[in-house]
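Chemist: sequence plus the predicted model coming up.
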Amino acid sequence: MTTAGPADGSHQDGVPTATGTKAGRNLPAAIAVGVALGALVIVSLIFVPKVWFGIVGGAIAIATWEVVRRLREADILVPWIPLVLGGQAVIWLGWPFGTTGVLAGFAGTALACMIWRLLADGLDAAPRNYLRDMAITVFVAAWLPLLASFATLMVTGDDAGWVFVFMIGVVCSDVGGYTAGVLFGRHPMVPAISPKKSWEGLGGSLVFAIIGSLLTVTLILDANPAIGLLLGVVLVATGTLGDLIESQIKRDLGIKDMGTMLPGHGGIMDRLDSLLPSAFVTWLVLTALL
């Protein structure tokens, strides 16, 4: 689950940085990593769709650890063992049991984390900041594995078409936003949260995402073009808001990236910010209308 655009939580939609550049990243490295990961996803979906569970599960495990590590640097003690293992349960239980398995995995993860954190300091000590830590833990469980599970639910019928529609729509949104932002970006959209996002970049995202979604919904799914139009608009909204959510979290934590695993991109989590909410809305729109 990754896209090729450079990331800082804002997808660099074109407002110049303090250094005078509009990309702010090692663009060749970012493109190379994005293409390589994209090729891995495409090959797996074409030949063995169920491998998608492993790709998503692995990405979420790494992303969860990145987020937990950053939270612990801020003295927020999220119980990472039950959170990472429970996140895998949320994703993999969707294979045999669908949405019921996802819900059961999420509830079980939340309960396991509550118990783990309660007893982490021993029976003779009361945990410090228990309510705060548990609220953030459940938020992380919902933000990462729960939202990601809807991407895997798309292949439970051995048909990868929905995933291609989802991924292409998000990539088109990112590429359109980056291109229009670099070429025309002059007006910051939400400077208090993400100063590099511009209104011009948002317009580019809308144009590219709508075109991409129209083509994929009609050509891959053989469905009504109106569904593609709706999906394109929704993907831009959720992708943009997903970027802003992670940007605000990183701003609260005083960091630029969640990790450093992907050259030119940051961490795995920095590539999932727009994909996670978009996976849910894609599943919801296609389930409701197809």
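Modeler: Everything's here; your move. Numbers count the residues shown, from 1 in each chain.
Chemist: please enumerate the strands of the stretch 101-250 of the chain.
Modeler: Ranges of strands within the stretch 101-250 of the chain are 188-190, 194-198, based on DSSP state E, counting those that start in this stretch.
Chemist: ok, residues contacting the shortest one?
Modeler: Where contact means C-beta atoms under 8 Å, 6 or more residues apart in numbering, the residues beyond strand 188-190 that reach it are 13, 15, 195-199, 201-202, 244. C-beta: built from backbone N, CA, C; applies to glycine.
Chemist: about what we covered before: please identify the deepest-packed of the strands of the stretch 101-250 of the chain.
Modeler: Using mean count of other C-beta atoms under 10 Å, the stretch among the strands of the stretch 101-250 of the chain with the largest mean neighbour count is strand 194-198, at a mean of 25.
Chemist: burial count for residue 193?
Modeler: 17 (other C-beta atoms under 10 Å).
Chemist: so it touches residue 250, yeah?
Modeler: No: at 9.9 Å, residue 193 and residue 250 do not qualify as touching, with contact defined as C-beta atoms under 8 Å.
Chemist: okay, how far is it across stretch 72-91, tip to tip?
Modeler: Stretch 72-91 has an end-to-end distance of 24 Å (C-alpha to C-alpha, to the nearest Å).
Chemist: list the buried residues in that stretch.
Modeler: By neighbour count with 16 or more other C-beta atoms under 10 Å, stretch 72-91 contains the buried residues 76-80, 82-84, 86-91.
Chemist: which of the residues you listed sits closest to residue 165?
Modeler: Among these, residue 91 lies closest to residue 165 (C-beta to C-beta), at 20.0 Å.
Chemist: tell me which strands and helices the host helix or strand of that closest one is in contact with?
Modeler: With elements delineated by DSSP states H and E, residue 91 resides in helix 80-92, which encompasses its position. When contacts are defined as 3 or more C-beta pairs under 8 Å, 6 or more residues apart in numbering; DSSP states H and E, helix 80-92 packs onto helix 51-73, helix 94-119, helix 130-141, helix 147-153.
Chemist: now do the residue lying farthest from the centre of the chain against residue 114, distance only.
Modeler: What lies farthest from the middle of the chain is residue 124; by C-alpha atoms, centre = their mean that is 39.7 Å. Shown here: residue 124 relative to residue 114, a distance of 19 Å by C-beta to C-beta, to the nearest Å.
Chemist: picking that back up, let's have the buried residues of stretch 72-91 in CSV, adding distance to residue 156 and pLDDT.
Modeler: Formatted as CSV, the buried residues of stretch 72-91 follow (distance: C-beta to C-beta, whole Å; pLDDT from 0 to 100):
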residue, distance to residue 156, pLDDT
76, 34, 95
77, 35, 93
78, 30, 95
79, 29, 95
80, 28, 95
82, 25, 97
83, 24, 98
84, 23, 97
86, 20, 98
87, 18, 98
88, 17, 98
89, 16, 98
90, 14, 98
91, 12, 97
